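> prediction below, plus the sequence it came from.
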Amino acid sequence: MTDVPGWPAPWSGPAEPAVPAGPDPHAAVGAVLEARAVVPVFQPIAVLDSGEVVGFEALARGPQDSPLHCPFPLFEAARAADRVTELDWLCRSAALEAALAADSRPGWRSSSTWRRARR
């Protein structure tokens, strides 16, 4: 893979991120699922030529100040505990709930492309 100026370097970490040290992954993921402790964050998707935002990508974060805050260790711990499907559905649900709650906020759907798609 060739480096592209201005782009981050290609991933050079381990092929599979390690389960974070600390609590048993079964217990840690179980606690996240039980508490619904997943927070969605949204990354805008923009047209490169115009900068127009045409959509948003939902990303998941685990509990703040936790080894499971970042998605790699969170999903690796879920894989180790055989609970990826449950975590995946929790992430989808949290993203949908946040998107629906943001529906009435000014600017959320200000893109002309979004308005055209909704007609």
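Structure's in. What do you need?

> all helices of the protein, in order?
Applying DSSP state H to the chain gives helices spanning 25-35, 71-80, 84-102, 112-118.

> which one of those lies nearest to residue 60?
For residue 60, the closest of the helices of the chain is helix 84-102, at 4.1 Å, according to Cβ to Cβ. C-betas here are computed from N, CA, C, even on glycine.

> please work out which of the helices of the chain is packed deepest.
Compared across these, helix 71-80 shows the largest average neighbour count, a mean of 21 (mean count of other Cβ atoms under 10 Å).

> report the angle between it and helix 25-35.
110 degrees (axes from the mean of the first three to the mean of the last three Cα atoms, to 10 degrees).

> could you check the angle helix 71-80 makes with helix 84-102?
Using the same axes, to 10 degrees: helix 71-80 against helix 84-102 is 140 degrees.

> packing partners of helix 71-80?
helix 25-35, strand 53-61, helix 84-102 (3 or more Cβ pairs under 8 Å, 6 or more residues apart in numbering; DSSP states H and E).

> perfect, that will be all.
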